[in-house]
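Enquirer: would you be able to build a 3D model of this:
(one chain, ligands or ions: 2)
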Amino acid sequence: EAAEYNMKMHPMWQGPLAVPGGDRQSPIDIVVRKSVFDSKLKPLETEYDPQTCQQIWNNGYSFLVEYDDTTDKSTLKGGPLQDKFRLCQFHFHWGESNAWGSEHTVDRRLFPAELHLVHWNSDKYSLFEEAVMEDNGLAVIGVFLKVGKRHEGLQKLVDALPAIRHKDSIVEFTRFDPGCLLPANTDDYWTYHGSLTTPPLTESVTWIVMKQHIEVSHDQLAVFRSLLFTSAEEEVQKSMVNNFRVQQPLRGRTVRSSFT
Ligand SMILES: O=S(=O)(O)/C=C/c1cc(Br)ccc1O
Ligand SMILES: [Zn+2]
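Expert: Ligands and ions are numbered 1, 2, ... in the order given. Below you'll find the model as predicted:
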């Protein structure tokens with residue numbers, strides 16, 4: 001029912017249900033028994049410098065924590081990737097209830113939220129805007145969130161959210177290590193070729209979805225839900241919830257796993 005709710009309440013979230021001619025759209029359901037183990041998949045190598053953290057803002061779809069990507073200080077390589085990718089931002093997708101909220105699912109299992117760490121190929125391109133148009137331009141790490149114990153590292157971010165309740169609000173946000181949001185085990189992941197899940201929906205993403213989730217507390221997730229889709233001027237305020245895209249057809253793609 002989340003998908004129907006989404007269609008009714010947030011038509012923008014449907015965007016084009018599938019990009020015309022799009023045969024590698026995201027998100028998808030990861031059918032574990034149909035994923036193919038690939039022994040050539042390496043462990044992920046992340047090197048994140050907290051000094052490159054710059055600001056946090058509400059863009060009217062989610063909230064983004066943005067990093068200085070003018071140098072190779074915060075990077076991702078290894079895993080399924082041939083090149084080095086620069087971190088430009090991370091953000092989340094979540095539901096109005098803990099019953100749903102993630103974009104990817106595992107054997108149809110929904111999680112209450114999903115973290116996306118967005119990187120672009122700095123070996124081949126000089127700007128995100130260039131890379132976003134190329135089929136090997138982006139790499140996004142997806143991490144599922146489950147409700148459980150409080151995530152100490154996340155709290156600094158949660159405490160900043162009330163300052164960006166409304167669309168287009170932005171505050172300085174520094175010295176945040178996004179590595180603290182990765183699960184203990186980053187060797188086990190699924191990977192497939194897909195797209196951005198928000199406009200421009202371009203088919204330029206190598207998705208790397210972590211098998212292991214992270215835990216956040218109910219109260220921390222409740223603060224995500226206190227954000228608003230709407231700007232301060234709008235008379236009707238709408239809670240920022242259910243900001244996920246509906247699942248897209250696999251179109252014959254293979255999802256590979258780094259583990260058996
Ligand atoms: O939900 S994602 O697919 O990670 C969208 C990522 C995304 C990142 C940037 Br930066 C700009 C537009 C976008 O759509
Ligand atoms: Zn996302």
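Enquirer: mind checking the end-to-end distance for stretch 24-32?
Expert: By Cα to Cα, to the nearest Å, the extent of stretch 24-32 from end to end equals 19 Å.
Enquirer: ditto for stretch 97-106
Expert: End-to-end for stretch 97-106, by Cα to Cα: 18 Å.
Enquirer: now do the buried residues in it.
Expert: Of the residues in stretch 97-106, 98, 100, 101, 102, 103, 104, 105, 106 count as buried by neighbour count, 16 or more other Cβ atoms under 10 Å. C-beta coordinates here come from the backbone N, C-alpha and C atoms, glycine included.
Enquirer: nearest spatial neighbour of the last one, skipping sequence neighbours?
Expert: Put plainly, it is residue 106. Setting aside the residues directly before and after it, residue 106 is nearest to residue 30 in space (Cβ to Cβ, 6 or more residues apart in numbering), at 5.0 Å.
Enquirer: OK, contacts around the one you found?
Expert: Residues in contact with residue 30 (Cβ atoms under 8 Å, 6 or more residues apart in numbering) are 104, 105, 106, 107, 190, 209, 255.
Enquirer: ok, 10 Å please
Expert: Contact partners of residue 30, counting by Cβ atoms under 10 Å, 6 or more residues apart in numbering, are 104-109, 142, 190, 192, 207, 209, 211, 250, 255, 257.
Enquirer: close to ligand 1: what parts of the stretch 101-250 of the chain are there?
Expert: 116, 118, 128, 140, 196, 197, 198 (Cβ under 6 Å from any ligand atom).
Enquirer: and the fourth one, how many neighbours does it have?
Expert: So the one you mean is residue 140. For residue 140, the neighbour count with other Cβ atoms under 10 Å is 24.
Enquirer: and the residue nearest the centre of the chain, which helix or strand is it part of?
Expert: The chain has residue 116 as the residue nearest its centroid, 1.8 Å off, counting by Cα atoms, centre = their mean. Under the criterion of DSSP states H and E, residue 116 resides in strand 113-121.
Enquirer: if anything else comes up later, I'll come back, but that's it for now.
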